[in-house]
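Chemist: When you get a sec, could you give me coordinates for this:
(chains A and B, ligands or ions: 2)
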Amino acid sequence: MRSERARHNKIIFSGTVGAGKSTAIAALSDIPPVSTEAVASDETAALKRTTTVAMDYGVLNLPDGEKVMLYGTPGQERFSFMWEILSEGGIGLVLLINNANTDPLKDLENYLAAFRKFISGTAVAIGVTHMDRAQEPGLDAYRQKLADLGHDPLPAVFRADARNREDVAMLVKALLYTLNPGLIDA
Amino acid sequence: MSRHTHLPGQPLTALYLLHAGSMDARLIGLSVERHWKHSVRLVATLDEARVVLVDCDRPGVEAAFEQLGQHPRTGVVCYAFHPKDHAPRFPNRVILGKPLNLESLPGILAQAANDTARQVAVAPPRPQAAPETPPANFSSKPAALGHGLKMDDERDLCGAMDDIPLTAGATLPEKLFFDPDLYLIGHLSRAVEQAIVSGRPHVISGLPRLIGVQPRPLPICVTAFRDNQLRPFSMTQLPNTTARIVSSLIFSESVGTDTVYGAEDFLWNIAAWAARGRLPLGADPYQRVRLKAWPNFTHAFVSPHALRIAALWTRTWASPVEIATRLAIPHRYVFSVFSSAQFAGLLDRDAPAVTPPVIAPVVAPTQQQRPSILSRILRKLLNAV
Ligand SMILES: Nc1nc2c(ncn2[C@@H]2O[C@H](COP(=O)(O)OP(=O)(O)O)[C@@H](O)[C@H]2O)c(=O)[nH]1
Ligand SMILES: [Mg+2]
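Modeler: Ligands and ions are numbered 1, 2, ... in the order given. Here you go, the predicted model:
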């Protein structure tokens, strides 16, 4: 019998604290999203006392009864060791970057580095959030940064408001088509 | 009416806009005022009209035709995005395609007016009491109007053009191409360019509403057009003297009701609406190009298949026709993306000298097995959003 983890399809949402992961998952999920205080597991026993971290999950119910889990990674980079475990078996990554942070292009670089292995086997779609509050850097700066980091072809980068379900769904659609442009949707 | 401008013996065609949107009315009004003073006169009532103009795509077109029952001598010229689709509903009607060709319209109006007058003159007299027969095939059942059926088709805004040959060589149909200079997109793209080069805001003056470009810190477009006005306006050929690009320190009309768009998104959309499945004049549908990046699809117009086209075209050098073939979709959808990408600055034409071999279609010809998990998620998102 396949394990729960392998049986459930999942899409990973990651990004800096405040970028909009919890909000995005809530916007898309068919169930009220669960925001857990995930207590550190065995792997993290050594850090037990400090690794109580918030993490979100939501569910997309498919018509045939199958479920797609939406997992939000804990934002703090000091917990990045958990990200790989979380994303194991995942379909792909939606990366949210808060444009109002001090150096969002550096955040982009850090997160892409942390997920390098996962992305190389799957795909990523990038949502730049909080652009209503901070216009710069613009999308072109993100594309340039991605090119400088050696991403060819460039992944999808959209201006996204995590509170807007259509924006979040558009990121997931771009992710799916990146995985397979030949997907039939009808 | 400006009688002194009209030549003796050549009557002005009295035109009534029986069923046309306000933006169309404005543009036609402008055209009459500036170009057709000698041939067309707009009248305020159906009774005065020798010919009427009817937009078949607007709801309520049946009611408009009903009014015409009382006016058998009045000529009728219809227009629609897909004239062929309306032909069965309104046989024996002249149905022009959108956008209206402003050069030829006065002639067509005059002819429709004259033809109807002549037909009525030779028709056998009807018994006075008989009710006016509505146009043949006129359906009185609202359920049969078919508006709902056509809605999706209209909304995709990619026209209905057939595919072109898969290899270069044949002469391509003229209607495959549009001249950007005849549409808003031509003016807009010059305005953006001039604003960026000069580093100063520019506006397109002479339009019914404000459209301005601000190049810094990031290029944006500001407009007082509402979105539902912008679309028809972008699709319509503008009288060639209408628009002028001028440098301006501030946008005079801006009083809080304006909408701000990223310049790239705005160019993408205005180009898509002008193109409607066509290519800009001079484009080569057989030349290999690539998308430099995904457009910002949370704000850029998503025509049918645009996401999968972007996914493939950001990773592959391919001609528009090759992309369509590989995705097994009609050419016009790829032409739409091409046109938008060109004006949005997202088209890369510098293909490497060594072109990669053409790869097999990415769409499996048979889709008999259970759709993949990706397809099913996609379907869920498409239905639920
Ligand atoms: N103004 C603005 N607020 C946003 C945007 N996206 C998310 N937010 C808000 O940002 C805050 C942080 O979002 P949250 O989902 O908790 O971020 P997380 O730390 O990544 O889980 C919430 O109040 C959201 O409503 C955006 O694009 N613009
Ligand atoms: Mg959170």
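
Chemist: I'd like to know which residues of chain A are adjacent to ligand 1.
Modeler: A:15, A:17-23, A:75, A:129-130, A:132-133, A:161-163 (CB under 6 Å from any ligand atom). Backbone N, C-alpha and C define where each C-beta goes, glycine included.

Chemist: Recalculate using a threshold of 8 Å.
Modeler: Applying CB under 8 Å from any ligand atom, we find that chain A lies next to ligand 1 at A:13, A:15-26, A:54, A:56, A:72, A:75, A:96, A:98, A:129-133, A:160-164.

Chemist: In contact with the residue positioned nearest the centre of chain B: list those residues for me.
Modeler: The residue lying closest to the centre of chain B (CA atoms, centre = their mean) is residue B:235, at 3.4 Å. By CB atoms under 8 Å, 6 or more residues apart in numbering or on different chains, the contact list for residue B:235 reads B:98-99, B:157, B:183, B:273-274, B:276.

Chemist: Can you tell me which of the residues you listed is closest to chain A?
Modeler: Checking the contacts of residue B:235 against chain A by CB to the nearest CB gives residue B:157 as the nearest, at 18.4 Å.

Chemist: pLDDT value on the residue nearest to the centre of chain B, please?
Modeler: Per-residue pLDDT puts residue B:235 at 91.

Chemist: likewise residue B:156?
Modeler: 70.

Chemist: Now render the contacts of residue B:235 as CSV, adding distance to residue B:112, secondary structure and neighbour count.
Modeler: Below are these laid out as CSV (distance: CB to CB, whole Å; DSSP: H, G, I helix; E, B strand; the rest coil; neighbours: other CB atoms under 10 Å in any protein chain shown):
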residue, distance to residue B:112, secondary structure, neighbour count
B:98, 17, coil, 20
B:99, 18, coil, 21
B:157, 27, coil, 19
B:183, 26, coil, 23
B:273, 28, helix, 24
B:274, 27, helix, 26
B:276, 25, coil, 24
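
Chemist: Which residue in those has the weakest pLDDT?
Modeler: Out of the contacts of residue B:235, that is residue B:99, at 67.

Chemist: Strands along the chain, start to end?
Modeler: I'll assume chain A. Secondary structure of chain A, counting by DSSP state E: strands at A:9-15, A:34-38, A:53-61, A:67-72, A:92-98, A:124-129, A:156-159.

Chemist: let's do chain B instead
Modeler: Taking DSSP E to define them, one finds strands in chain B at B:13-19, B:40-42, B:51-55, B:75-80, B:94-97, B:177-178, B:202-205, B:211-214, B:220-223, B:244-247, B:259-262, B:279-280, B:290-291, B:347-348.

Chemist: Enumerate the positions of stretch B:309-326 that are buried.
Modeler: B:309-314, B:316-326 (16 or more other CB atoms under 10 Å in any protein chain shown).

Chemist: Between the two ends of stretch B:69-77, how far is it?
Modeler: Start and end residues of stretch B:69-77 are separated by 15 Å (CA to CA, to the nearest Å).

Chemist: avg pLDDT for it?
Modeler: Stretch B:69-77 comes out at a mean pLDDT of 86.

Chemist: cool, and stretch B:108-120?
Modeler: Mean predicted confidence for stretch B:108-120 is 78.

Chemist: Likewise for stretch B:86-96?
Modeler: Mean pLDDT, stretch B:86-96: 80.

Chemist: and of the strands of chain B, who's closest to ligand 1?
Modeler: Closest to ligand 1 of these, according to CB to the nearest ligand atom: strand B:259-262, at 14.5 Å.

Chemist: which residue sits closest to residue A:141, ignoring its sequence neighbours?
Modeler: Excluding the flanking residues, the one nearest residue A:141 by CB to CB, 6 or more residues apart in numbering or on different chains is residue A:105, at 6.5 Å.

Chemist: tell me, how many neighbours does residue B:109 end up with?
Modeler: When neighbours are counted by other CB atoms under 10 Å in any protein chain shown, residue B:109 registers 23.

Chemist: Identify the residues contacting the residue in the stretch 101-250 of chain B positioned nearest to ligand 1.
Modeler: Taking CB to the nearest ligand atom, ligand 1 has its nearest neighbour within the stretch 101-250 of chain B at residue B:218, 16.5 Å off. Contact analysis of residue B:218 by CB under 8 Å, 6+ apart lists A:135-136, A:138, A:140, B:262-263.

Chemist: and residue B:192, how far is that from residue B:242?
Modeler: 18 Å (CB to CB, to the nearest Å).

Chemist: From the neighbour counts alone, determine which of the two ranks first.
Modeler: Neighbours were counted for residue B:192 and for residue B:242 using other CB under 10 Å; residue B:192 has more, 24 against 18.
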